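Here is the input, now give the coordinates:
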Amino acid sequence: MPENKVLSQLTNEELNKKKKQSIGVMISFGVVMFIAIVVLVYLSFKTKKYALSGIAASLFCVFIPIYVNNIQINQELKSRQSKKD
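Here you go, the predicted model:
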């Protein structure tokens with residue numbers, strides 16, 4: 001199993017690849033999460049079990065680490081560009 005490198009140890013090509021992967025994961029997970037939220041809210045109103053809408057709201061907490069990782073990759077790329085200039 002390959003070792004996880006710190007972002008500062010990656011090359012620019014590896015960072016760009018990680019950025020594309022991160023964006024792909026964010027988009028695909030966002031679509032799945034949106035569908036799950038719509039279904040849970042619909043079921044909560046149909047069955048009158050309003051606790052299901054709370055579960056739908058808590059799904060955003062799962063999305064936070066993916067978003068933070070994307071921000072860190074972007075910051076590393078920007079810091080490398082500023083060092084070049």
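
and the residue nearest to residue 19 when sequence neighbours are not counted, what pLDDT?
In this structure, residue 19 finds its nearest non-sequential neighbour in residue 73, 4.9 Å apart by Cβ to Cβ, 6 or more residues apart in numbering. Yep, even glycine has a C-beta here, placed from its N, CA and C like the rest. For residue 73, the pLDDT comes out at 92.

Who are the contact partners of residue 26?
63, 66, 67, 70 (Cβ atoms under 8 Å, 6 or more residues apart in numbering).

Pull out the buried positions in the longest helix seen in the chain.
Longest helix in the chain by number of residues, with DSSP state H as the criterion: helix 12-47. For helix 12-47, the neighbour count (16 or more other Cβ atoms under 10 Å) marks 15, 18, 19, 22, 37, 40, 41, 44 as buried.

do the same with stretch 60-71
Buried, per 16+ other Cβ under 10 Å, within stretch 60-71: 69, 70.

chain center to that stretch: distance?
Once both centres are worked out by Cα atoms, centre = their mean, to the nearest Å, stretch 60-71 turns out to sit 4 Å from its chain's centre.

what does stretch 6-18 give?
17 Å.

Can you measure across that stretch, start residue to end residue?
12 Å (Cα to Cα, to the nearest Å).

sorry, back to before: count the neighbours of the residue nearest to residue 19 for me.
When neighbours are defined as other Cβ atoms under 10 Å, residue 73 has 20 of them.

So it is in contact with residue 20, correct?
No - with contact defined as Cβ atoms under 8 Å, residue 73 and residue 20 do not form a contacting pair (9.8 Å).
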